[in-house]
Each structure stands twice: as C-alpha cells, then as structure tokens.
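**Student:** Make a model of this:
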Amino acid sequence: MPPTRFAPPVPRWVRMSLAVLAVSAGLLPALSPPATASPRIVWGECPFPVGTSRATCGTLRVPVDYRHPGGAAIDIAVSRVRSQAPDRRRGVLVINEGGPAAHLGDASTFDRLAPQSLRDRYDVVSFDQRGFGHSAPVTCRLDDRQQHENIPWPGTGGVAGTAARAKQVADQCGRYGGPVMAHMGTAYVARDLDLLRQALGESKLNYLGYSYGTYLGTAYASLFPRHTDRMLVDGVVGPSMAWRDEWRTSLGPGVDERFGDFARFAAAGSYGLGRTSGQVHARFVALARALDRRPLQTPQGVLTGDQLRMAVFVGLYDDSTFPLLASLGRAAQRHDASAAGQAGDSFQLWWRDPTDNDTAAKYGVICGDARWPHDLDVYRRDVRADARRYPLTAGAGSNVWPCAFWPYPPDETVRTSPRGSQILIINNLRDPATPYVGAKELRTALGSRARLVTVDQGGHTTYLTKSDRCANDIGTAYLEDGLFPADDVHCPAP
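**Tutor:** Modelled structure (predicted):
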C-alpha cells in the first residue's frame, strides 16, 4: 500500500490507491543475470532539493526484459546518503517507503528522521523503481477522472459500469504504455535491486521496507537469500494475497476494524455524529449513501459518496487525522458546503496531477504481479457479499480493476522462501491498509528466519513513523547492532 512518507495525513498513494504488497505463489523458470560488464553508477547532483542530507544521485542501466538481458535497457535513478562515520559503517541500507511510487528522495528523507547512530551505520540508498519518476516513466494518458477512479468505489453503473471504465484504462495502458509497461512486476524490480547491489560493490544488502516496500523486500530476500543481510519490513501483506485479496482485506475488515478507533474518538467529541461507536458507524454509512443520491456542491468541488468513503480510508491512516475526518462528516451531515469543501480539500479529494505517471505505473506493478479474474460474475458476487458485511466501503475492494483486462501476462512471480537471513516483521494490530492478518501469514511463511513485532495500535506502519517506543527500539537495535528478538514480541498500547 502507500508511500509512507513519514508524515500524515495523506500518503501519496492513498490519493491514488494506496497499493500494498503481496508475495505471490509460483516461480517461472530461473532467469539468467544480464550478460554485461559489472554495472556501475556515476554519482552527481540530484534532481530534487537535498537540504542538509548530502544526497548524491546517479543512474543504473538495467534490462527491460530479464529474459532477454542483451536487449533493450533503461536507466534507473538512484540516490545515496553516505555514512559520515567510516569506523562504524557496516554496509548499505536500501529504503522503500511504499506505494509503489517514485522513491528517489527516500534516502534524503530518512537521513533527516532516523537516529544519528543508525545513519552512522549505513550508506542509505533509495531509487525510483522502473516506470516511475526518473526511471523510464510510463503513461496511460489518463484524464483526471480516470486517475480519481483508480480505486473502484461503487460509483454509478454497478459492476458493469466499473468494468467498462476499467477496460478502457487497460486498453489505454496497452496502447500508450510502451515496452516498459509490460515488464513492471515486483520480481523484476527485485532483480533491478540486485544489480544495484552489484553496482554499489556490496556482497549483501540491508533493507527497510514499508507497505508495498515490504513486498519488494521479501521478494528480494526470496530470490537472492545469499545477498540479503538485515531486513525490516513494516506494514505487511501475506504471501497469498497479491493483489485482489489484499484489497478485499484492506477495504473490508481492515477499514471496519480500524474505524472503531475513529468512532470512539468522534463519539467522545462534540461533532454530532452519534454518542456511541455504533451510531457513528451507521451515520457515516448513511451519509455516503445520501451523497450517492445527491452529491454536495462545494466551492472546491463536488463531494460524492465515493469521495467520503475515500476520506474515511485516508483518515484512518493516523490518529492525527481523526479531527479532520470528523469535521468532514459533520459538514456533510449539515450540508455545509463551505466546511465540507475545506475539509475535502485537506484530504486532497480534488487533487490535480499534471501527469498520470504515478497512477499508470501503479497499474503496471499491480497488474503485472499476478493474474486477476476475468469473469464479471465473480466480481458481482464478491461485491454483493462484501458490501453487505462492510458497508463503510461498499464492496470497493472486490470491484473490477483494469487488471481484469490487462494486456500483459506476469513476467515472474515469487515464492516466499523460509531459507535465508533473519527478517524482522512489524505490524499494527489495526492497520487499515495492511491488516494484521497479512503479517501473521508472512511470519508463518518465513518460519524460523522471522520474528513478528505486534503493536497494539491503529494506523498504517509504525517504525519511525509513529512514537511507539517499544517497536522503534526493537527495530533500531536490530538494524544497528543485529539484536534479533529470541521470540515474537507484543508491544502494548502506547
């Protein structure tokens, strides 16, 4: 799910779908490494303000298609912030904040937020994965509406209407995406990451991944266990959930359970949304349905039922966003167009993106990682069932994505391997984007090579993104000094 970006309230991919990871079952025949000279990076200035981070940037040449390593190639943009303590440095730490998204600046962000002791231990490296940002960016020539509809909320026209719009997007991606669009699956990104390791002159990589970044990390650790050192993944999806089952779990029980935290907050306040958690839940379901029938025109844009549902999803990422979500609900209930417009604008419900790269590239990854059902009856059945069980999200997790009509088969999927180096897993009990069930499944799949740190709180991701001292201390001790818990750990509510 979304780049974390270390700051609420609105992670970028929440605007655009908040994609999350999954480790698919199965493995195509082994692919050969590129038959070229050792990869190298020439470092220079970065295409973003580096502030005090001392970041430098460069490009890495990788094959478009690893089945044809001598064929077409693209440049992957890479950034690095070097350790300033040579006597303490132990290697390279690659960081990915989620998405999937452009992450060239993650090393610079991490340099400002991580403890100095940890930054002394590593050269911190991040990169725009293939198809994103400065790394051979793709496009589907999507208009504003198509970008806004990247999560298939109920909207109008039911499953059939959603399917028609999804097919049009898939057709555009096939027509305009170019050769890179056909080869954007996470297994290929992991292979790019191993070429990056070689270019950095490292025998092993250390890795910190959030949300979708956990998928990339576990994929790398499964494909290249001998080149994996310390790995921390935070906000995880289970091995069997790529990708449709992840969305069904997130936009279903994940949101429903997490909403209880918000509902208790709203009921205790003076928002007029209900005196109990159950009343607040029922009020938001009713408000969304009322806006389906009669949207509210605000100075910033039209507030629909689906936009309110999206605001609920975004608002559950961090407790700090609860007052804003409650204010939006109160404004919608009072038909206060001005207040609703201001709150909706804070949730970026009417954002405008000058390009469609972020949305188009995410489709390339999600649709390129696994096959999706083609039978619309499957979607109709699941949407009905999930809308009945989880009315807050009205079956959106089960609805039709462009992946149902994707013109390219997956290049490669990855089987999670229980063999290799130690992996530390951290997950909140009530994470709406990457529900706890996924972390438990990954823990089981990795077996003795993993430990699970369970944090009794809500919201998306924990390590360095929230103030939970228990999880932060365990994560830093592991990355810094290799202190791996003897058993799984439960961190009580802060």
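**Student:** for this protein, which helix is longest?
**Tutor:** In the chain, with assignment by DSSP state H, the single longest helix is helix 158-176.
**Student:** what does that one rub up against?
**Tutor:** By Cβ atoms under 8 Å, 6 or more residues apart in numbering, the list of residues contacting helix 158-176 from outside reads 138-142, 146, 149, 152, 154-155, 157, 181, 360, 363-364, 367, 376, 379-380, 383, 399-408. For glycine as for every other residue, the C-beta is placed from the backbone atoms N, C-alpha and C.
**Student:** which of these are buried?
**Tutor:** When the contacts of helix 158-176 are checked for burial by 16 or more other Cβ atoms under 10 Å, the buried set is 138-140, 142, 146, 149, 152, 154-155, 181, 360, 363-364, 367, 379-380, 383, 399-406, 408.
**Student:** What residues of stretch 334-350 count as buried?
**Tutor:** Neighbour counts over stretch 334-350 (16+ other Cβ under 10 Å) mark 336-337, 339-344, 346-350 as buried.
**Student:** Quick one: mean pLDDT for that stretch?
**Tutor:** Averaged across stretch 334-350, pLDDT comes to 94.
**Student:** And stretch 378-395, by the same measure?
**Tutor:** On average, stretch 378-395 scores 96.
**Student:** Same question for stretch 77-94.
**Tutor:** Stretch 77-94 comes out at a mean pLDDT of 95.
**Student:** shouldn't residue 376 be in contact with residue 398?
**Tutor:** No - using Cβ atoms under 8 Å, residue 376 makes no contact with residue 398, being 11.7 Å away.
**Student:** did I read that right, residue 425 in a strand?
**Tutor:** Yes - counting by DSSP: H, G, I helix; E, B strand; the rest coil, residue 425 is located in a strand.
**Student:** For stretch 162-172, output the C-alpha coordinates as PDB.
**Tutor:** Taking Å, rounded to 0.1, in the frame of the first residue of the first chain, the C-alpha atoms of stretch 162-172 are listed here in PDB:
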ATOM      1  CA  THR A 162     -16.900  -0.100 -13.400                       C
ATOM      2  CA  ALA A 163     -15.800  -2.900 -15.700                       C
ATOM      3  CA  ALA A 164     -16.300  -0.700 -18.800                       C
ATOM      4  CA  ARG A 165     -14.200   2.100 -17.300                       C
ATOM      5  CA  ALA A 166     -11.500  -0.400 -16.200                       C
ATOM      6  CA  LYS A 167     -11.300  -2.000 -19.700                       C
ATOM      7  CA  GLN A 168     -10.800   1.500 -21.200                       C
ATOM      8  CA  VAL A 169      -7.900   2.200 -18.800                       C
ATOM      9  CA  ALA A 170      -6.400  -1.200 -19.600                       C
ATOM     10  CA  ASP A 171      -6.700  -0.600 -23.300                       C
ATOM     11  CA  GLN A 172      -5.000   2.900 -22.900                       C
END
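**Student:** residues in contact with residue 440?
**Tutor:** 238, 452.
**Student:** So it: helix, strand or coil?
**Tutor:** Judged by three-state DSSP, the three-state class of residue 440 is helix.
**Student:** try residue 457
**Tutor:** Residue 457 - assigned by three-state DSSP - is strand.
**Student:** how many neighbours does it have?
**Tutor:** 20 (other Cβ atoms under 10 Å).
**Student:** pLDDT wise, what is it at?
**Tutor:** 96.
**Student:** now residue 30
**Tutor:** In this model, residue 30 carries a pLDDT of 43.
**Student:** give me the element residue 428 is part of.
**Tutor:** In this assignment (DSSP states H and E), residue 428 forms part of strand 423-430.
**Student:** So of the buried residues of stretch 334-350, which two are at opposite extremes in space?
**Tutor:** 336 and 348 (19.5 Å; Cβ to Cβ).
**Student:** Please report how far the residue located most distally from the centre of the chain lies from residue 121.
**Tutor:** Within the chain, the residue lying farthest from the chain centre (Cα atoms, centre = their mean) is residue 87, at 35.1 Å. For residue 87, the distance to residue 121 (Cβ to Cβ, to the nearest Å) stands at 11 Å.
**Student:** Residue ranges of each domain in the chain, please.
**Tutor:** 12-138+180-240+412-491, 140-165+244-369+372-408 (automatic domain parsing).
**Student:** Show me the least confident stretch of these, going by mean pLDDT.
**Tutor:** When I compare the domains of the chain, domain 12-138+180-240+412-491 is least confident, with a mean of 88.
**Student:** Just the ones in helices from the contacts of helix 158-176, please.
**Tutor:** Judged by DSSP H, these include 146, 181, 360, 363-364, 367, 376, 379-380, 383 as members of helices.
**Student:** Could you pull out the strands in the protein for me?
**Tutor:** All strands of the chain, identified by DSSP state E, fall at 56-63, 73-81, 91-96, 122-127, 205-210, 228-234, 296-297, 302-303, 423-430, 450-458, 489-491.
**Student:** Can you add distance to residue 174 and give these back as TSV?
**Tutor:** As requested, these are exported to TSV (distance: least, Cβ to Cβ, whole Å):
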stretch	distance to residue 174
strand 56-63	21
strand 73-81	19
strand 91-96	27
strand 122-127	26
strand 205-210	30
strand 228-234	32
strand 296-297	36
strand 302-303	31
strand 423-430	36
strand 450-458	38
strand 489-491	46
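**Student:** can you tell me which of the ones you listed comes nearest to residue 255?
**Tutor:** strand 423-430 (10.0 Å).
**Student:** From the chain's centre, how far out is the longest helix of the chain? Work that out for me.
**Tutor:** Centroid separation between helix 158-176 and its chain, computed with Cα atoms, centre = their mean, to the nearest Å, is 22 Å.
**Student:** Now that helix: buried residues?
**Tutor:** Under the neighbour-count criterion of 16+ other Cβ under 10 Å, helix 158-176 has 159, 162-163, 165-166, 169-170, 172-174 buried.
**Student:** what's the answer for stretch 317-332, then?
**Tutor:** 317-319, 321-322, 324-332.
**Student:** now swap in stretch 88-107 and tell me
**Tutor:** 90-107.
**Student:** thinking again about what came up before, what about the residue farthest from the centre of the chain, distance to residue 206?
**Tutor:** 18 Å.
**Student:** Let's have the buried residues of stretch 334-350 in CSV, adding distance to residue 237.
**Tutor:** Supplementary listing: the buried residues of stretch 334-350 in CSV, determined by distance: Cβ to Cβ, whole Å:
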residue, distance to residue 237
336, 38
337, 38
339, 36
340, 33
341, 35
342, 34
343, 30
344, 29
346, 28
347, 24
348, 24
349, 26
350, 29
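**Student:** Quick check: residue 326 vs residue 333, distance?
**Tutor:** For residue 326, the distance to residue 333 - Cβ to Cβ - is 11 Å.
**Student:** which residues are common contacts for these two?
**Tutor:** residue 273.
**Student:** neighbours around the closest residue to residue 274 other than its chain neighbours, how many?
**Tutor:** Once flanking residues are discounted, residue 274 sits nearest to residue 280: 4.2 Å by Cβ to Cβ, 6 or more residues apart in numbering. Per other Cβ under 10 Å, the neighbour tally for residue 280 reads 25.
**Student:** so residue 280 sits right up against residue 273, yeah?
**Tutor:** Yes - at 5.0 Å, residue 280 counts as touching residue 273 under the criterion of Cβ under 8 Å.
**Student:** Identify the contacts common to the two.
**Tutor:** Joint contacts of residue 280 and residue 273 (Cβ under 8 Å, 6+ apart) are 266-267.
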